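Student: sharing a model that was predicted from the sequence below.
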Amino acid sequence: MNIGSFFIGDIVFLPMLGAIVSYLIGRKDKKMRDYAVSAFAILEFILLAALFLLSNGAQKQMIFDVHGFCGLGLHFETNGFRIVYGIIAAFMWMMTLLFSQEYFGHYRNRNRYYLFQLITLGATEGVFLSADLYTTFIFFEIMSMASYVWVAQDERKESLRAAATYLAVAVIGGLVMLMGIFMLYQQAGTLTISELHDACQGKNIYAAALCMFVGFAAKAGAFPLHIWLPKAHPVAPAPASALLSGILTKTGIFGVIVISCQILLHDWKWGTFILCVGTLTMVAGAVLAIFSIDFKRTLACSSVSQIGFILVGIGMQGLLGEENALAVRGSFLHMVNHSLFKLLLFMVAGVIYMNLHKLDLNDIRGFGRNKPLLAAVYLCGALGIGGIPLFSGYVSKTLIHESIVEYIVLLREGHMQAGVLGVSDMKIIEWLFLISGGLTVAYMCKLFFAVFIEKNQDAAVQAKYDALNGKYMNKTSAAVLTVCAVIFPVMGSLPHMTMDKIADLGQGFMGLAEHAHEVAYFSFTNLKGGLISIGIGVLLYLLVARKWMMGKNDAGDTFYRNRWPAILDLEDYLYRPVLLTLIPTVAGFFCKILDSVVDVLAKILPLAGGVEAGFFDVITDSIVVFLRKTVYRDAMPPQELDEGNALTYAIGRIGNAIKHLLNVTVRRSNPKKKDYVHATALVFAQFKENTGLIGRSLSYGLILFCLGLCGTLIYLICVLTGLL
């Protein structure tokens, strides 16, 4: 085992050790605790960078095993995808923890928050570096349980309710995922990710894949399992929201990639399913985002939509088969982009919230006026996620869009066999992709104009906001936001030098081994899709955000109407009524019916058993009387018999007579010497012994009564213990 392998263990377990150390420090000195937490996050980032170098730019695979843990052991390995996302996770934790020093200045229970922050960091790295699904599941669940504390940090009523929703989705999703892992292991015989593709060949593992997908998709925020994001993000602290949206959702995407690009690689049926789920998620999230007037909830719904874009790319790689280069690279790059976008945008939301403690657009309207740094930082994230050329989001969205176009061309030319989706269906999906991109532009414009351009309708409030210029965040927070913001124009302006290199690292894990051809990102053909989305976005902003969502109060002041479609709140209108009302009611109804049936049977069965026992008792008595008067009647034998009775003696004598006749005729040369009197006496003795055993046993009616009594007792025990 080389030094790089030991680095893997340090990367996973050092943050967990750091969580305990920083917690103990925090009980004595809170300032030192803040420094310790940041130091552990920085050290984690350094370890990942060192691992990248030791693995020769992620080209050399490294392995680390903990044998015997819970039977199967823990297994970790590195490749380009894993190291890239390990570095991104460490970078995001480092930046959010540095930002948290100012953000949490007036928060309670910071020691608890930082404890679970570092535990979740180690668990998240464990997910990305896991070499088998058993290890993935263990760290996935640790991550889910530890991050629950982030959502509940404020301990307000809405925070606790959102945290309960988050936990319910995590637990239910985890149980369904575990069922899928059991099914997969039973069929494939292995959970090692690199072995699953070959192990699953020729086997129907769709049921197992679907169960695992439910668990991973719930964490990713895919529709219709996205319900925790719009609830958790508005109440969670902004640094926690940045991590929940930017990196924890990607652990779910990691699982979807394992299923789609390792187990079911190039499976067009599975690819179609993922594409449909991704399209629904992409559109639903964007629609919810444009209707929201809460800054962080808009970003949360935006995360749902962007996860949809990623799933569309993953679905396309399944449909395109060997021609999946654009889809693979676009999906991976959009994962990277979205992580960094939400890191920056949620920290911008954090700056607003730590100054105003409000997030409603009507309340924070005008806060960003005359704050050029904050405006520039927000614009970098907004232009990036909107897919504007020269920003990194344009590159990844263009690759995914072009993969859709490529598939349509292949279908038209007959080079690709049409599955469930034909050319017309794919054209609809392409336009939904472009419209969703336009919605992204529209809701990011809505936030920008509301916060940074428009004035607050209350002049005194606006004056208060203007007075904060230069004093709304400290230098550390400003530096953190600036570093994060600069990434997007640099990557977007130099895509071949930056983004293509990142895509090269991740494509192998996603089923693309060959080097992809260079894409002319800024050709008119590729620019056309982005420009169409931008045009749609401007139109939607003017018609929806500026017209339909704006209203006037009695004083003539404009305000943003809350157009949030409550009917699309699946938690309140679907999941809670079904899980907490409908299912218990239906189950209770059937249990009541079953209980009534059992009560009736408990009354009828003894009566029926008695009647039946009486009937058979009469039959038995009749048979006994008949036998006593025929076969077993008292008769004087012709002589004293040593064995048998008169009947057996008579039958035996007849048999001996027949035997004698045959011996003097047919069997003269081979006469038979068997004594049939003795033989029939033996048969009678056996019959007598059997009937004697029955006679000595309980009567048939008593047996039935005992069986009924036992059944009744078993039922009562089950009812009392809650088994029924």
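Tutor: Received it, and whenever you're ready, just let me know what you need.
Student: my read: residue 454 touches residue 366, true?
Tutor: Yes: using CB atoms under 8 Å, residue 454 makes contact with residue 366 at a distance of 5.9 Å. Just so you know, the C-beta spots here come from the backbone N, C-alpha and C atoms, and that holds for glycine as well.
Student: which residue of the two possesses the greater neighbour count?
Tutor: residue 366 (22 against 17; other CB atoms under 10 Å).
Student: mind listing what the more buried one touches?
Tutor: 451, 454-456, 461-462, 465 (CB atoms under 8 Å, 6 or more residues apart in numbering).
Student: just those: which are in helices?
Tutor: 461-462, 465 (DSSP state H).
Student: can you tell me the closest non-neighbouring residue to residue 487?
Tutor: residue 340 (5.9 Å; CB to CB, 6 or more residues apart in numbering).
Student: pretty sure that neighbour sits against residue 485.
Tutor: No: taking contacts as CB under 8 Å, residue 340 lies outside contact range of residue 485: 9.6 Å.
Student: who are the packing partners of the helix or strand harbouring residue 167?
Tutor: Element membership of residue 167 [criterion: DSSP states H and E] is helix 157-188. With contacts taken as 3 or more CB pairs under 8 Å, 6 or more residues apart in numbering; DSSP states H and E, helix 157-188 sits against helix 133-151, helix 193-199, helix 206-220, helix 228-235.
Student: make a markdown table out of those helices and add mean pLDDT, mean neighbour count and distance to residue 353.
Tutor: Formatted as a markdown table, the helices and strands packed on helix 157-188 follow (pLDDT from 0 to 100; neighbours: other CB atoms under 10 Å; distance: least, CB to CB, whole Å):
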| stretch | mean pLDDT | mean neighbour count | distance to residue 353 |
| --- | --- | --- | --- |
| helix 133-151 | 91 | 22 | 15 |
| helix 193-199 | 88 | 16 | 40 |
| helix 206-220 | 92 | 23 | 25 |
| helix 228-235 | 85 | 27 | 10 |
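Student: who has more neighbours out of residue 340 and residue 485?
Tutor: residue 340 (26 against 21).
Student: what's the pLDDT at the residue nearest to residue 487?
Tutor: Per-residue pLDDT puts residue 340 at 94.
Student: next: residue 430.
Tutor: Model confidence at residue 430 (pLDDT) stands at 91.
Student: show the buried residues in the contacts of residue 366.
Tutor: Buried subset of the contacts of residue 366 (neighbour count, 16 or more other CB atoms under 10 Å): 451, 454, 456, 461-462, 465.
Student: and those, which two are the farthest apart?
Tutor: 451 and 461 (13.3 Å; CB to CB).
Student: for the stretch 401-550 of the chain, which segments are assigned as helices?
Tutor: 423-448, 459-467, 475-493, 499-506, 524-540 (DSSP state H, counting those that start in this stretch).
Student: how about the last one: buried residues?
Tutor: By neighbour count on 16+ other CB under 10 Å, the buried set for helix 524-540 is 526, 529-530, 532-534, 536-537, 540.
Student: ok, the first one next?
Tutor: Judged by neighbour count using 16+ other CB under 10 Å, the buried positions of helix 423-448 are 425-426, 429-430, 432-448.
Student: quick one: that helix to chain centroid distance?
Tutor: 26 Å (CA atoms, centre = their mean, to the nearest Å).
Student: summarise which helices and strands it is packed against.
Tutor: Using 3+ CB pairs under 8 Å, 6+ apart: helix 423-448 touches helix 268-291, helix 295-320, helix 372-385, helix 392-413, helix 524-540.
Student: pretty sure residue 174 contacts residue 141?
Tutor: Yes: counting by CB under 8 Å, residue 141 is a contact partner of residue 174 at 5.4 Å.
Student: related to what we said a few turns ago, take the helices and strands packed on helix 423-448 and write them to TSV, including distance to residue 230 and mean pLDDT.
Tutor: Formatted as TSV, the helices and strands packed on helix 423-448 follow (distance: least, CB to CB, whole Å; pLDDT from 0 to 100):
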stretch	distance to residue 230	mean pLDDT
helix 268-291	7	92
helix 295-320	5	92
helix 372-385	17	93
helix 392-413	22	90
helix 524-540	20	89
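Student: which one of these lies closest to residue 75?
Tutor: Among the helices and strands packed on helix 423-448, helix 295-320 sits nearest to residue 75 (CB to CB), with 24.4 Å.
Student: what's that closest one packed up against?
Tutor: helix 228-235, helix 238-243, helix 249-257, helix 268-291, helix 325-356, helix 392-413, helix 423-448.
Student: tell me what angle the fifth one forms with helix 392-413.
Tutor: Looking back up the chat, that one is helix 325-356. Interaxial angle, helix 325-356 versus helix 392-413 (axes from the mean of the first three to the mean of the last three CA atoms, to 10 degrees): 150 degrees.
Student: what comes up buried for helix 325-356?
Tutor: In helix 325-356, counting by 16+ other CB under 10 Å, buried: 325-356.
Student: tell me which helix or strand comes right after it.
Tutor: Downstream of helix 325-356 (by DSSP H and E), the next one is helix 361-364.
Student: what about that next one, distance to the chain center?
Tutor: Worked out by CA atoms, centre = their mean, helix 361-364 lies 35 Å from the chain centre.
Student: let me see the mean pLDDT of that helix.
Tutor: Rounded mean pLDDT across helix 361-364 is 88.
Student: show me what it is in contact with.
Tutor: By CB under 8 Å, 6+ apart, helix 361-364 touches 293-295, 352, 356, 358, 446-447, 450-451, 457, 559-560.
Student: could you redo the last one with a cut-off of 10 Å?
Tutor: For helix 361-364, contacts defined as CB atoms under 10 Å, 6 or more residues apart in numbering pick out 292-295, 298, 349, 352-353, 355-358, 446-447, 449-451, 454, 456-458, 461, 465, 549, 557-562.
Student: what of stretch 24-43?
Tutor: 10-11, 14-19, 21-23, 90-98, 100-101, 104-105, 110-115, 117-118, 121-122, 476.
Student: please list only the buried members of the residues you listed.
Tutor: 10-11, 14-16, 18-19, 22-23, 90-98, 100-101, 104, 110-111, 113-115, 117-118, 121-122.
Student: among the residues you listed, which ones are in helices?
Tutor: 10-11, 14-16, 18-19, 22-23, 90-98, 100-101, 110-111, 113-115, 117-118, 121-122.
Student: state the three-state secondary structure for residue 554.
Tutor: Put simply, residue 554 is coil when judged by DSSP: H, G, I helix; E, B strand; the rest coil.
Student: what is the burial count for it?
Tutor: So residue 554, with other CB under 10 Å, has 5 neighbours.
Student: going forward, begin numbering at 281 instead of 1
Tutor: New numbering, starting at 281: the last item is residue 834.
Student: check contacts around residue 522.
Tutor: 372-373, 375-376, 379, 513, 516, 579, 619, 621-630, 764.
Student: please name the nearest non-neighbouring residue to it.
Tutor: residue 626 (3.7 Å).
Student: for residue 516, see how far away the one you found is.
Tutor: The gap separating residue 626 from residue 516 is 9 Å, by CB to CB, to the nearest Å.
Student: then residue 298?
Tutor: Taking CB to CB as the measure, residue 298 falls 22 Å from residue 516.
Student: returning to that earlier point: touching both of residue 454 and residue 421, which residues are there?
Tutor: With CB under 10 Å, 6+ apart, residue 454 and residue 421 have common neighbours residue 495.
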